[in-house]
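Chemist: the following block contains a protein sequence and its predicted model.
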Number of protein chains: 2
Amino acid sequence: MNIGEVSERAGLPAKTIRYYEDIGMITPARGENGYRRFSEQDLHKLVFLGRARLLGFSIERCRNLLALYEDQGRASADVKRIAQQNLSEIDAKIAGLQAMRDTLADLVQSCAGDNRPDCPILKDLGAAPNR
Amino acid sequence: MNIGEVSERAGLPAKTIRYYEDIGMITPARGENGYRRFSEQDLHKLVFLGRARLLGFSIERCRNLLALYEDQGRASADVKRIAQQNLSEIDAKIAGLQAMRDTLADLVQSCAGDNRPDCPILKDLGAAPNR
DNA sequence: GATAAGGCTTCCAGTTAGTGGAAGGTCAAG
DNA sequence: CTTGACCTTCCACTAACTGGAAGCCTTATC
């Protein structure tokens, strides 16, 4: 099938699919006219990629996962390790954002939000460096 | 002061400070030798920038904030609006990550993580497209 | 005065994971 | 035969820096 169909079926923009070929994640065949010809297996890999990316796996992480996916003899422990690593990273990101959120929410709370120019948010941002 | 000192006092890498000049966030003076000469006010703006970036404000958002910061007549409501916008974006990011995290945690949980090749994580990633 | 270390300068390239657009070839319908 | 949709490559751009090379400037030491 052509890139348009595979794009729709995998739920990925054609541009992204071409990019994935560029970086060697997939290697679709080519027709006589130069068009990419995708097999069902190519589609499958793209779906896999799309879902893994949605789950926050980096491209390089996905490369590992795809390799494991295609290796019949791999242990599930290998996959679990990668997934857990990812989970920790997501947790760290959430914690970081949460801390930001709390500070920011405090600042927003303490700001009158009226016509007066006095604003605790700017005051805090401009505070002397304390690190 | 030179870039080294301002870098240390603002807690930002020199590279970053040069970058901030490049994109017009600051405009330090120049000495006869071509070195940047930073005023206390420059330092203050850099500290402001650093803290705002830590709180997740984008560079463009910071540009607005800096303008407001330097405008004596602005209303605190303007600042509050920008901060709130930022807060919503952070909340959305957290929610997205949380959803990812939950799915991924489920998958990790359900994987035996042993020597057998059977792995629910890969099975799920490779599932037929359902969107 | 020579020299070495460290700080400063600019510029180029690379990072992540794509996205936008231009110029042009191909295919199917009317 | 032409129109429009689809495909191709290539180049540039995104955000917010970071790394490195090549080359001045300053300061200290011998």
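Modeler: Yep, it's here. Numbers count the residues shown, from 1 in each chain, chains lettered A, B, ... in the order given.
Chemist: pLDDT at A:Ser76, what is it?
Modeler: A:Ser76 is assigned a predicted lDDT (pLDDT) of 82.
Chemist: tally of neighbours for the closest residue to it other than its chain neighbours?
Modeler: Once flanking residues are discounted, A:Ser76 sits nearest to B:Cys119: 3.6 Å by Cβ to Cβ, 6 or more residues apart in numbering or on different chains. C-beta coordinates here come from the backbone N, C-alpha and C atoms, glycine included. B:Cys119: 25 surrounding residues under other Cβ atoms under 10 Å in any protein chain shown.
Chemist: for B:Cys119, give me phi and psi.
Modeler: Backbone torsions for B:Cys119, taken as degrees, to the nearest 10, come to phi -140, psi 120.
Chemist: my read: it touches A:Val79, true?
Modeler: Yes. B:Cys119 sits in contact with A:Val79 when judged by Cβ atoms under 8 Å, with a separation of 4.7 Å.
Chemist: about what we covered before: need the contact list for the residue nearest to A:Ser76.
Modeler: A:74, A:76, A:79-80, B:111-112 (Cβ atoms under 8 Å, 6 or more residues apart in numbering or on different chains).
Chemist: neighbour-wise, which one of these leads?
Modeler: Ranking the contacts of B:Cys119 using other Cβ under 10 Å puts A:Val79 first, with 25 neighbours.
Chemist: packing partners for the helix or strand harbouring that one?
Modeler: Using DSSP states H and E, A:Val79 sits within helix A:76-110. When contacts are defined as 3 or more Cβ pairs under 8 Å, 6 or more residues apart in numbering or on different chains; DSSP states H and E, helix A:76-110 packs onto helix A:59-70, helix A:120-125, helix B:76-110, helix B:120-125.
Chemist: which residues sit against the second one?
Modeler: Helix A:120-125 has contacts (Cβ under 8 Å, 6+ apart) with A:107-108, A:110-111, B:48, B:51-52, B:55, B:65, B:68-69, B:76, B:79-80, B:83.
Chemist: right, and out of these, which lies closest to DNA strand D?
Modeler: Of all these, B:Ala52 has the smallest distance to DNA strand D: 9.5 Å, by Cβ to the nearest atom of the strand.
Chemist: tell me which residue of chain A lies closest to DNA strand D.
Modeler: Scanning chain A for proximity to DNA strand D using Cβ to the nearest atom of the strand identifies A:Gly4 as nearest, at 2.7 Å.
Chemist: quick one: is the strand or helix carrying that residue near chain B?
Modeler: With elements taken from DSSP H and E, the one containing A:Gly4 is helix A:3-10. Yes. In terms of Cβ under 8 Å from any Cβ of the partner chain, part of helix A:3-10 sits within range of chain B, namely A:9-10.
Chemist: now for that helix, which elements pack on it?
Modeler: When contacts are defined as 3+ Cβ pairs under 8 Å, 6+ apart, helix A:3-10 packs onto helix A:14-22, helix A:40-54.
Chemist: tilt between the first one and helix A:3-10?
Modeler: An angle of 100 degrees separates the directions of helix A:14-22 and helix A:3-10 when computed by axes from the mean of the first three to the mean of the last three Cα atoms, to 10 degrees.
Chemist: parallel or antiparallel, list what pairs with whichever helix or strand comes after helix A:14-22.
Modeler: Counting by DSSP H and E, the next helix or strand C-terminal to helix A:14-22 is strand A:29-30. Paired strands of strand A:29-30, with direction, are strand A:36-37 (antiparallel) (DSSP bridges).
Chemist: among the helices and strands packed on helix A:76-110, which comes closest to A:Leu97?
Modeler: Put simply, out of those the one that sits nearest A:Leu97 is helix B:76-110, at 5.0 Å, with distance taken as Cβ to Cβ.
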